[in-house]
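**Student:** Kindly return the folded structure for what I paste below:
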Amino acid sequence: LEFHDDIHVETAADDASIDDLLLIQVKHSVDPGNITDRDIDLWKTIYNWLKLTPGLPPHRTLTFQLYTNKNLNNQAFVSLLKTPRQNIQAILDHIRKTDQEISETESKKKPDTPPNPLAKYVKFVSQARDEELKFIFERFEFHPDNSSIIKRISSALRQLSIPPSRLEDTRKHVIGAFKESKFSKILKGEKVVITFDNFRVDMGFDRIIRSARAEPADFDRFVDIYYSYQRPDTLSFNNSKFRDQLKDIGISDEEIVDRGIEMMLAEQFMESLQDAGSFSASENSRLENKAVSDWKLLHNQSHRNTNENNEAAHQQASQACYDQTMRNPLKAGDTELPSNLSCGKYIKLSNLPRIGWRKNWQSKFQE
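**Tutor:** Numbering: from 1, shown residues only. You can find the predicted model right below:
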């Protein structure tokens, strides 16, 4: 910002040299109106570009852009500049003609009349060599912009898959991060230079976008899904390892089916959260690892004094391990999962099997 121009953008090549250089003049007005053939902002922009071009760093391509919230009317010079590459000679002729007309008018003024502020810019541009002027106008672009910058930022964020409900907060976050970085550099007396990595990492754009994309996972919605599920009469989990484990410790067939439904719906629900981008696969894996850790503590407590040769006592301890695990709620971050969802997760782990209820569950049920 305010380095080579109001704004300039450098695209770096692999060897760190400048591939594309874009110079941007921004001429916005509170009362925009129209850009006319003798608009001082227009002529001052051309004047500035002629002065700064010799000092530009080496580059492969160069583009001059003028952004304005003024309307482009149909006067001669403005019309030529809408398609400058097709009208180079006509543009040069118009510049010299305008200088001649202004000079004649100025020469007729009384000595105490203030000069036309446009005159010095037109004179400087008119006195430039044809090659200098052609260099600029072959690379010139007009960008009239009547749209709100707020709307443009919002549109760009929507293209990055920001949910509509998070759009306003995300836009304010991005603008705030940019302004804070800019302000801190100005206070230090530094030029405001923003690299790609600086914008993404230091200003936190990547982090802001990742956070905004992820709608908070609504785990409570699982309760509605679970209780609205219509259980088929023929539903069976006979070939499941979790069933074998529960049957082995004396759990009823009806409860086994309940647990199987929780497991099935829990897996479908977690996949839907991943598809929506509100709960990632890595977060799901972390949740399951935490479930294994919680189960292990309960398993050790339940079987600390278990004698495997006493089958009745062993089964009682196994049932206690199972019951305590089913009552142990899981948490995703600071959010406690509904009990049916937690149960479904534990049952999935016993179906893999990564957890079990007997003291010797691994030797009996792991292949």
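**Student:** can you pull out the strands in the stretch 101-250 of the chain?
**Tutor:** Taking DSSP state E, counting those that start in this stretch as the criterion, the stretch 101-250 of the chain carries its strands at 140-144.
**Student:** show me where it has helices.
**Tutor:** For the stretch 101-250 of the chain, applying DSSP state H, counting those that start in this stretch gives helices covering 119-127, 130-137, 149-159, 167-187, 196-197, 205-213, 221-228, 241-248.
**Student:** With mean neighbour count added, can I get these in TSV?
**Tutor:** Every C-beta, even on glycine, is put in place using the N, C-alpha and C of the backbone. Compiled in TSV, those are given as follows (neighbours: other C-beta atoms under 10 Å):
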stretch	mean neighbour count
helix 119-127	18
helix 130-137	16
helix 149-159	13
helix 167-187	14
helix 196-197	10
helix 205-213	16
helix 221-228	14
helix 241-248	19
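**Student:** Out of those, which gets nearest to T68?
**Tutor:** Taking C-beta to C-beta as the measure, the helices of the stretch 101-250 of the chain were each checked against T68, and helix 149-159 came out nearest at 12.9 Å.
**Student:** which strands and helices sit next to that closest one?
**Tutor:** Contacts defined by 3 or more C-beta pairs under 8 Å, 6 or more residues apart in numbering; DSSP states H and E place helix 149-159 against helix 167-187.
**Student:** Return the per-residue confidence for the residue most central in space within the chain.
**Tutor:** Centrality entry for the chain: nearest residue to the mean C-alpha point is I209, 2.9 Å, by C-alpha atoms, centre = their mean. Per-residue confidence (pLDDT) for I209: 87.
**Student:** Please report the distance of it from I175.
**Tutor:** Per C-beta to C-beta, to the nearest Å, I209 is found 14 Å from I175.
**Student:** and if you look at T335?
**Tutor:** Spatial separation of T335 from I175 under the definition C-beta to C-beta is 30 Å.
**Student:** cool, H59 as well?
**Tutor:** When distance is defined by C-beta to C-beta, H59 is 30 Å away from I175.
**Student:** same thing with K182?
**Tutor:** For K182, the distance to I175 (C-beta to C-beta) stands at 11 Å.
**Student:** how about stretch 101-114: buried residues?
**Tutor:** Across stretch 101-114, burial judged by 16 or more other C-beta atoms under 10 Å covers I102.
**Student:** For that stretch, the averaged confidence score.
**Tutor:** Mean pLDDT, stretch 101-114: 90.
**Student:** what does that stretch rub up against?
**Tutor:** Defining contact as C-beta atoms under 8 Å, 6 or more residues apart in numbering, one finds that stretch 101-114 is touched by 115-116, 118-119, 122-123.
**Student:** how does it look with 7 Å?
**Tutor:** Among residues not part of stretch 101-114, those counted as contacts by C-beta atoms under 7 Å, 6 or more residues apart in numbering are 115-116, 118-119, 122.
**Student:** The residue nearest to the centre of the chain and T170, how far apart?
**Tutor:** For I209, the distance to T170 under the criterion C-beta to C-beta works out to 7 Å.
**Student:** neighbours of the closest residue in space to K359 that isn't next to it in sequence, just the number please.
**Tutor:** Nearest residue to K359 in three dimensions, chain neighbours excluded: H303, at 4.2 Å (C-beta to C-beta, 6 or more residues apart in numbering). Residues within reach of H303, counting by other C-beta atoms under 10 Å, total 20.
**Student:** now swap in L42 and tell me
**Tutor:** L42 is flanked by 23 other residues according to other C-beta under 10 Å.
**Student:** in this protein, which segments are predicted with low confidence?
**Tutor:** Screening the chain residue by residue with the criterion pLDDT under 70, one finds the ranges 30, 145-147, 214, 277, 367.
**Student:** In it, spot the strand with the most residues.
**Tutor:** In terms of residue count, the longest strand belonging to the chain (DSSP state E) is strand 18-27.
**Student:** Within its sheet, name the partner strands of the helix or strand following that one and how each one runs.
**Tutor:** Moving toward the C-terminus from strand 18-27, the next helix or strand (DSSP states H and E) is strand 34-35. The sheet places strand 34-35 alongside strand 71-72 (parallel), with pairing taken from DSSP bridges.
**Student:** List of residues touching the strand it pairs with?
**Tutor:** When contacts are taken as C-beta under 7 Å, 6+ apart, the neighbours of strand 71-72 outside the stretch itself are 32, 34-35, 78, 82, 142, 144.
**Student:** Type out the PyMOL command that picks the buried ones from those.
**Tutor:** Of these, the buried ones can be selected in PyMOL as follows, counting by 16+ other C-beta under 10 Å:
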select buried, resi 35+78+142+144
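**Student:** Check the spacing between the closest residue to D6 other than its chain neighbours and F178 real quick.
**Tutor:** Closest residue in space to D6, ignoring its immediate chain neighbours: V26 at 4.8 Å, by C-beta to C-beta, 6+ apart. Remark: distance between V26 and F178 (C-beta to C-beta) = 15 Å.
**Student:** Please identify the buried residues of the helix or strand containing A312?
**Tutor:** Secondary structure assignment for A312, by DSSP H and E: helix 311-326. Of the residues in helix 311-326, 314-315, 317-322, 324-326 count as buried by neighbour count, 16+ other C-beta under 10 Å.
**Student:** Repeat that for stretch 83-102.
**Tutor:** Neighbour-count burial for stretch 83-102, counted by 16+ other C-beta under 10 Å, picks out 84, 87-88, 91-92, 94-95, 98-99, 102.
**Student:** Tell me which of those residues fall in helices.
**Tutor:** Secondary structure assignment (DSSP state H) places 88, 91-92, 94-95, 98-99, 102 from these within helices.
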